[in-house]
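Visitor: From the sequence below, what's the structure:
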Amino acid sequence: MRRSIEELRTFYGEPTGALARRLLARRLEDAWGEAANSDVLGIGYATPWLEAFVGARRVVAAMPGGQGVEPWPSVGKNRSLLVDDRRLPFAAGSFDRILLIHALEEADDAQGLMNEAVRALSPAGRIILVAAARGGMWARAEATPFGHGRPFTRRQLERLVRGAGLEPTAWSQTLYVPPWGPLLPLADGFEQIGKRVMPGAAGVILLEATRQAYARIRPGGAVATAPVLTPAMQPQPASRSSRDQTGHDLAGSGKRP
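Guide: The predicted structure is shown next:
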C-alpha cells in the first residue's frame, strides 16, 4: 500500500523531509542541471524537485493511484495528474528526462512500471531512479516514506533498468546521516565522510540509465559502456557479473560497495 499524498506532503514539510529534499536536489542538480530544452516527467512523488528544472520546455508530475494526487504547481496551470502506473497515459517517446521517486518501492509491479516509464522515454532520453537503499538506516525508519515498501540494492536497480532495455550509465548515493533529529544538523559532514568510509550506510540510491550506450574495448580487453555524459559525471564501475559491461558514477559520489 502506498503512502498517501497527505503523508508525503507532511513529511517534506518537516525538518527531516526538508533535509532529504535538499540532499537529493543536490544530486539531481549535478546530474541534470536545469534540464534545458527538455520535456521532463516525474513519476511517484517528484514535485519537491521538479520546480528546479526551470530550463525545461515542459514538466509533468504523474502520481500513481493509491497515493493520490495534488495540484502542482501552486501557481499557474496545473501540470499534475493521477495515473495507473501499469499504463501511463503518454505517447511513446514523449519525455527526454524521467525521474522516478517514491515510485518503485511500493509499486505492485516494479518491472511493469519501469517498462512503462521506458516506453515514454525518448530515444536519446535519460532516466533517474531514486530508491531507498536496502542497507541504509532510512529504509528502517517507518516515520519516513523511505521506510515503507521494498528497498533496493544498486545491483537490483541495474537489473530493473536492463530488464526494460536500458543500460545503467551513472549512480550515486546520499542521506548518510541517520534519520534522527539531533544528528540532522551534521548531515553535510556525514555526506563527506560517509561516501568515503561508510558507503553502505547511505539511505538512498540514485541510478541513471539511458538508451545511449555502446561498447568500447578497454586496454585489458574488457568491454565497457561508453555513454554520452554531462561534465558532472565521472567514471565508476557498476556492479555486474564478470561477463557484463560497466556503468559510471552519478555526480562523482558513488563508490563500489
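
Visitor: could you pull out the helices for the stretch 1-150 of the chain?
Guide: With DSSP state H, counting those that start in this stretch as the criterion, the stretch 1-150 of the chain has helices at 5-12, 15-32, 47-50, 110-119.

Visitor: Determine which stretch of the ones you listed is the most buried.
Guide: Burial of the helices of the stretch 1-150 of the chain is given as mean neighbour count (mean count of other CB atoms under 10 Å); helix 47-50 ranks first at a mean of 22. The C-beta positions use only the backbone N, C-alpha and C, and glycine is treated the same way.

Visitor: Just the buried positions in stretch 178-190, please.
Guide: Taking 16 or more other CB atoms under 10 Å as the basis for neighbour counts, the residues of stretch 178-190 that come out buried are Pro178, Pro179, Leu184, Ala187, Phe190.

Visitor: Farthest-apart pair in those residues, please.
Guide: Farthest-apart pair in the buried residues of stretch 178-190 is Pro179 and Phe190; separation 11.2 Å (CB to CB).

Visitor: overlap in contacts of the two?
Guide: With contacts defined as CB atoms under 8 Å, 6 or more residues apart in numbering, no residue is adjacent to both Pro179 and Phe190.

Visitor: quick revisit: could you dump the helices of the stretch 1-150 of the chain into CSV with mean pLDDT added?
Guide: Shown next, in CSV, are those (pLDDT from 0 to 100):
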stretch, mean pLDDT
helix 5-12, 97
helix 15-32, 96
helix 47-50, 97
helix 110-119, 97
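
Visitor: To Gln173, which of these lies closest?
Guide: Proximity to Gln173, assessed across these by CB to CB, is greatest for helix 15-32 (8.6 Å).

Visitor: Tell me the gap between the closest one and the middle of its chain.
Guide: Centroid separation for helix 15-32 versus its chain: 11 Å, with CA atoms, centre = their mean, to the nearest Å.

Visitor: Packing partners of it?
Guide: Of the remaining helices and strands, those touching helix 15-32 by 3 or more CB pairs under 8 Å, 6 or more residues apart in numbering; DSSP states H and E are helix 5-12, helix 47-50, strand 95-101, strand 121-132, strand 167-174, helix 187-197, strand 204-210.

Visitor: weakest of these in terms of mean pLDDT?
Guide: Least confident of these, judged by mean pLDDT, is helix 187-197 with a mean of 90.

Visitor: what angle sits between that one and strand 167-174?
Guide: Taking axes from the mean of the first three to the mean of the last three CA atoms, to 10 degrees, one finds helix 187-197 and strand 167-174 inclined to each other by 130 degrees.

Visitor: So which elements touch helix 187-197?
Guide: Contacting helix 187-197 under the criterion 3+ CB pairs under 8 Å, 6+ apart are the following elements: helix 15-32.

Visitor: now the helix it packs on against strand 121-132, angle please.
Guide: For helix 15-32 against strand 121-132, the angle between stretch directions is 150 degrees (the same axes, to 10 degrees).
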